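Novice: Got a predicted structure here, sequence first:
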Amino acid sequence: MLNLLVPFADDFQLFNVFRYITFRTGGAIMTALIIAFVIGPPLIRWLKVKQGKGQPIREDGPQRHILEKKGTPTMGGLMILIAVTVSTILWADLRNMYVWIVLGVTLGFGLLGFWDDFLKVTKRSSAGVSGRFKLLAQGVISIVAVIAIMELHRTLPGGVGLSGSVAVPFLKDTLVPLGAGFIVFGTFIIVGASNAVNLTDGLDGLAIVPVMIAALSFGLIAYIVGRADYTTYLQIHFVPGTGELAIICGAMLGAGLGFLWYNAPPAMVFMGDTGSLALGGMLGTMAVAIKHEIVLGIIGGLFVVEALSVMIQVASFKLTGKRVFKMAPIHHHFEQLGWREPTIVIRFWIVAVILALIGLSTLKIR
């Protein structure tokens, strides 16, 4: 839409608004929201017909889930991916390579998650794709994306010194050069974010709202980082071209709101790995592109805690034979303590908002 209408801006002043990222971000939000609302009901009906008994529920999970969530279809992440993709293509500047890299990782991880969900549904098992293959596929996609981003950082005007380095929050003009080691670091960020969001997706509405909060935060950061005047004022690193990523974040926010309409307790559909792997991958790639990898650990701190709870639980059981938590990820621990599902979800949302505010404060506190 941008490339079609902007050439007419000189003759029709109204079309001039399409030059502004803020306007197009708003358009992306509304477009994705409308798409999610429109395709939601028929998609859910189709998934119910195709999946029959719905997503297999973990036998080792809370027994309440087996009774209450049995028969709920999965792969609802398709709703999000369709809305985000169409909205981004309509509103973003498609000449911008950052847009294609982030969208490529999102769809690549979404395809991997779709295959995982498909195997779970067809085999009536919660196993899906093997963990080793999943990590391998995520790693390959992430390595390609990180190398592409490093090349963009190296060649774009104003990007000198950014390639292969890590920006440190709260410190102005501080870059830690990693060289080729940044490929490993960036891959870890993307793969880690993807799997952390995947582990968080265990209760109705639990993952999607923190993802939207993170997308809103990174949309703001991307817009700021892509403007030389704002970065000079805030004394943060200018990454030319990344402002367009605010469009994808806006699309994610709109798609997430539409999906939440159907995923709110009691959920009519689960996002499944189709959505969680893709959304986490999107956030991780976004963080690498705008040089805010460490800040992702703050804004997405809820996802970090969920992932750490699993690692701590596994390590403790293997080393001592004892469990630190009643059940992992940690949201199940609180379920076992007697917290009701809506209580856990809303309190985790509050934590996500607090962490986002702390993460955004790194823009000013230098």
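Specialist: Ah, there it is.

Novice: quick one: average pLDDT of whichever strand or helix holds I189?
Specialist: For I189, the element it lies in under DSSP states H and E is helix 181-200. In this model, helix 181-200 has a mean pLDDT of 96.

Novice: now swap in stretch 221-231 and tell me
Specialist: On average, stretch 221-231 scores 93.

Novice: How far off centre is it?
Specialist: 21 Å (Cα atoms, centre = their mean, to the nearest Å).

Novice: Next, please give the residue ranges for the strands of the protein.
Specialist: 165-167, 175-177 (DSSP state E).

Novice: of all those, which lies closest to L357?
Specialist: Checking the strands of the chain against L357 by Cβ to Cβ gives strand 165-167 as the closest, at 19.6 Å. C-beta here means a position set from N, CA and C on the backbone, and glycine is covered the same way.

Novice: mind listing what the closest one pairs with, with the direction of each?
Specialist: With DSSP bridges as the test, strand 165-167 is paired with strand 175-177 (antiparallel).

Novice: which residues touch the partner strand?
Specialist: If you take Cβ atoms under 8 Å, 6 or more residues apart in numbering as the criterion, strand 175-177 is touched by G161, L162, G164, S165, V166, A167, V168, H237.

Novice: Report the two of those residues separated the most.
Specialist: For the contacts of strand 175-177, the farthest-apart pair by Cβ to Cβ is G164 and V168; their separation is 14.8 Å.

Novice: More neighbours: the two, which one.
Specialist: Ranked by neighbour count (other Cβ atoms under 10 Å), G164 and V168 place G164 first, with 20 against 14.

Novice: The closest residue to the more buried one other than its chain neighbours: neighbour count?
Specialist: Distances taken as Cβ to Cβ, 6 or more residues apart in numbering place F182 nearest to G164, at 4.2 Å, with adjacent residues excluded. Using other Cβ under 10 Å, F182 is surrounded by 23 other residues.

Novice: can you tell me which residues contact I44?
Specialist: Going by Cβ under 8 Å, 6+ apart, the list of residues near I44 reads P73, G76, Y262, M268, V269.

Novice: From P73, how far out is the third one?
Specialist: The one in question is Y262. Y262 is 10 Å from P73, where distance means Cβ to Cβ, to the nearest Å.

Novice: what sits in contact with each of these two?
Specialist: Contacts common to Y262 and P73, judged by Cβ under 8 Å, 6+ apart, are I44, V269.

Novice: out of those two, which sits in the more crowded spot?
Specialist: Neighbour tally, Y262 and P73, criterion other Cβ under 10 Å: the higher count belongs to P73, 25 against 19.

Novice: And the residue most central in space within the chain, how far from N16?
Specialist: Centroid check for the chain by Cα atoms, centre = their mean gives L279 as the closest residue, at 3.0 Å. Distance from L279 to N16, counting by Cβ to Cβ: 33 Å.

Novice: same thing with L136?
Specialist: Taking Cβ to Cβ, one finds L136 at 48 Å from N16.

Novice: One more: G181?
Specialist: 45 Å.

Novice: just V184 next, same as before
Specialist: Counting by Cβ to Cβ, the gap from V184 to N16 is 44 Å.

Novice: ok so, going back, which among the contacts of strand 175-177 count as buried?
Specialist: Taking 16 or more other Cβ atoms under 10 Å as the criterion, what is buried in those is L162, G164, S165, V166, A167, H237.

Novice: Quick check: which ranges of this structure have low pLDDT?
Specialist: Residues of the chain that meet the criterion pLDDT under 70 lie in 1-15, 52-69, 124-126, 158-160, 366.

Novice: run the last query once more with 50
Specialist: The chain contains residues with pLDDT under 50 at 8-9, 66.

Novice: Okay, buried residues for the single longest helix found in it please.
Specialist: Using DSSP state H, we find that the single longest helix of the chain is helix 21-51. Across helix 21-51, burial judged by 16+ other Cβ under 10 Å covers 21, 24-29, 31-33, 35-37, 39-40, 43-44, 47-48, 51.
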